[in-house]
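Trainee: Provided below are the primary sequence and the corresponding predicted coordinates.
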Amino acid sequence: MDHNRVFDDLDSLANTAAIDCLRLANDMITERGRFHIALSGGRTPQRLYEQLADRIKETDWSRWHICFGDERCVPPDHPRSNAGMARKAWLSRVPIPSSQVHIMFNAGNDPENAAAAYAAHLQSLPRTADGCWPIFDLALMGLGSDGHVASLFPHSDALREDRRPVVAVPPPEGEEWRITLTYPVFNHARNLWFLVAGSDKREVMARIQRGENLSTPLPIQRLTPQAQPRWYLDRTAVIPS
Ligand SMILES: O=C1O[C@H](COP(=O)(O)O)[C@@H](O)[C@H](O)[C@H]1O
């Protein structure tokens, strides 16, 4: 848990994350001509996305390539759609060419087919030296109160996936199917940033901070990232030391 910062509230967390994200994007664009980012969904990153849109003049959006780390299999205009949230908060407000925004799921798709199509799209990203895995410049991550990251849930078969970069995930209880990038993709990202806010995350954060060695590790504890992860936390998510 090096590289962590604790903020008073979600707004200041999002403000710093937006500044850092634009700086990283601009550096990557200077070095490589483009910036590949995988977005997280859920509630937490929305303020970051809004703040990125508010800073419309601070980067060359035509060089951004947007993917998603995971998705709920609902139409993009559904309130639970990760793509819908990102589009409303950010992507529809900046001039990223629509051909550079790659959503995981469209209404009427079959989750397994959509995952396979997404894997095919990921072939166009920069690859690891062995050619096996796409490399994102930045993967934004959230954390569920059960320790899930992206749509890698406790006890899911997706936790053991080591061949495919994207898989469909059968519905967590009472929910819809999911599509998620798999561990090897997140592990190969050049940068992995966790945004965690809210008191519902406090218990799971305490377990992670204690480095509890569980017989069944939480999904987040199965990550073996090449990059040192960076943590953006709000005060309510952590127990003061
Ligand atoms: O289901 C999901 O949950 C995690 C955490 O979301 P949050 O609402 O608690 O911030 C999120 O990272 C993931 O993208 C999302 O699909």
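Mentor: That came through, no problem.
Trainee: contacting residues around the most centrally placed residue in the chain?
Mentor: Centroid-nearest residue in the chain: residue 40, 3.0 Å away (criterion: C-alpha atoms, centre = their mean). Counting by C-beta atoms under 8 Å, 6 or more residues apart in numbering, residue 40 makes contact with 69, 70, 82, 140, 141, 142, 150, 195. Just so you know, the C-beta spots here come from the backbone N, C-alpha and C atoms, and that holds for glycine as well.
Trainee: what about 7 Å?
Mentor: Taking C-beta atoms under 7 Å, 6 or more residues apart in numbering as the criterion, residue 40 is in contact with 69, 140, 141, 142, 150, 195.
Trainee: And the helices in this protein?
Mentor: Using DSSP state H, the helices of the chain run over 10-32, 46-54, 82-89, 111-122, 183-188, 202-209.
Trainee: so which of these comes closest to residue 173?
Mentor: helix 111-122 (16.6 Å; C-beta to C-beta).
Trainee: Let's see the closest one as PDB, backbone CA atoms only.
Mentor: C-alpha atoms of helix 111-122 as PDB (Å, rounded to 0.1, in the frame of the first residue of the first chain):
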ATOM      1  CA  PRO A 111     -22.200 -11.800 -23.300                       C
ATOM      2  CA  GLU A 112     -19.900 -14.600 -24.500                       C
ATOM      3  CA  ASN A 113     -19.900 -13.300 -28.000                       C
ATOM      4  CA  ALA A 114     -19.400  -9.700 -26.800                       C
ATOM      5  CA  ALA A 115     -16.400 -10.800 -24.700                       C
ATOM      6  CA  ALA A 116     -14.800 -12.600 -27.700                       C
ATOM      7  CA  ALA A 117     -15.400  -9.600 -29.900                       C
ATOM      8  CA  TYR A 118     -13.700  -7.400 -27.200                       C
ATOM      9  CA  ALA A 119     -10.700  -9.700 -27.100                       C
ATOM     10  CA  ALA A 120     -10.400  -9.400 -30.800                       C
ATOM     11  CA  HIS A 121     -10.400  -5.600 -30.500                       C
ATOM     12  CA  LEU A 122      -7.700  -5.700 -27.800                       C
END
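Trainee: contacts for it?
Mentor: With C-beta under 7 Å, 6+ apart as the contact definition, helix 111-122 has outside contacts at 73, 102, 104, 105, 134, 164, 165, 166, 167, 168, 177, 179.
Trainee: Quickly check: that helix near the ligand or not.
Mentor: No. On the criterion C-beta under 6 Å from any ligand atom, helix 111-122 is out of touch with the ligand, staying 13.9 Å away.
Trainee: Any chance of the contacts of residue 40 in TSV with neighbour count as columns?
Mentor: Converted to TSV, these look like this (neighbours: other C-beta atoms under 10 Å):
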residue	neighbour count
69	27
140	26
141	27
142	23
150	31
195	24
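Trainee: Show me the two of those residues that sit farthest apart.
Mentor: Spatial extent of the contacts of residue 40 (C-beta to C-beta) is set by the pair 150 and 195 at 12.7 Å.
Trainee: would you turn the helices of the chain into a markdown table with mean pLDDT and mean neighbour count?
Mentor: Shown next, in a markdown table, are those (pLDDT from 0 to 100; neighbours: other C-beta atoms under 10 Å):
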| stretch | mean pLDDT | mean neighbour count |
| --- | --- | --- |
| helix 10-32 | 98 | 17 |
| helix 46-54 | 98 | 20 |
| helix 82-89 | 98 | 22 |
| helix 111-122 | 98 | 17 |
| helix 183-188 | 98 | 22 |
| helix 202-209 | 93 | 16 |
